[in-house]
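Chemist: Here's my sequence, what's the structure:
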Amino acid sequence: ESLRKISSLDFPEKLPGFLDQVAARLDASLPPDEIHGALIAIRVLTKNFEFRSTERRKGVNEVLQATFPKLVPLMEVTLAAPLGDEKAAEMQKVMIKSLWSSIH
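Modeler: Predicted structure coming up:
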């Protein structure tokens, strides 16, 4: 909830390095909890732009360009996880929700 409020007011103008920090944590070699935290941050950022008019959605393009290319390999890794891996399933859900929020 805190991240949502802060990012809705301050992103991207007052948080210039935040997106780079989040994108740096989208690396399959990092611990799953760290990756999951980055995915949650992306979800919050994309949700902040959800349902906004076109002129008010400019910041979502920055999020897409910085993070979405890194999500493809992460999705592949989670899809290759053993059946029943709850952490992998949760990460998939957050990635899909982020995509959905970015296009609506």
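Chemist: Render the CA-only coordinates of the helix or strand containing E34 in PDB, please.
Modeler: Assigned by DSSP states H and E, E34 falls within helix 32-49. The C-alpha trace of helix 32-49 is given here as PDB (Å, rounded to 0.1, in the frame of the first residue of the first chain):
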ATOM      1  CA  PRO A  32      13.200 -15.700  -5.700                       C
ATOM      2  CA  ASP A  33      12.000 -13.300  -3.000                       C
ATOM      3  CA  GLU A  34      14.100 -10.400  -4.400                       C
ATOM      4  CA  ILE A  35      12.700 -11.100  -7.900                       C
ATOM      5  CA  HIS A  36       9.200 -11.300  -6.500                       C
ATOM      6  CA  GLY A  37       9.600  -8.000  -4.800                       C
ATOM      7  CA  ALA A  38      10.700  -6.400  -8.100                       C
ATOM      8  CA  LEU A  39       7.700  -7.900  -9.800                       C
ATOM      9  CA  ILE A  40       5.400  -6.500  -7.200                       C
ATOM     10  CA  ALA A  41       6.900  -3.100  -7.700                       C
ATOM     11  CA  ILE A  42       6.300  -3.400 -11.500                       C
ATOM     12  CA  ARG A  43       2.700  -4.400 -10.800                       C
ATOM     13  CA  VAL A  44       2.200  -1.400  -8.600                       C
ATOM     14  CA  LEU A  45       3.700   1.000 -11.200                       C
ATOM     15  CA  THR A  46       1.600  -0.400 -14.000                       C
ATOM     16  CA  LYS A  47      -1.500  -0.400 -11.900                       C
ATOM     17  CA  ASN A  48      -1.000   3.300 -11.200                       C
ATOM     18  CA  PHE A  49      -1.400   3.900 -15.000                       C
END
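Chemist: Toward the C-terminus, what is the element adjacent to it?
Modeler: Later in the chain than helix 32-49, the nearest helix or strand by DSSP H and E is helix 58-79.
Chemist: which residues are contacting stretch 50-62?
Modeler: Stretch 50-62 is contacted by residues 11-12, 19, 45-46, 48-49, 101-102, 104 when judged by CB atoms under 8 Å, 6 or more residues apart in numbering. All C-beta atoms are positioned from the backbone trio N, CA, C, and that covers glycine.
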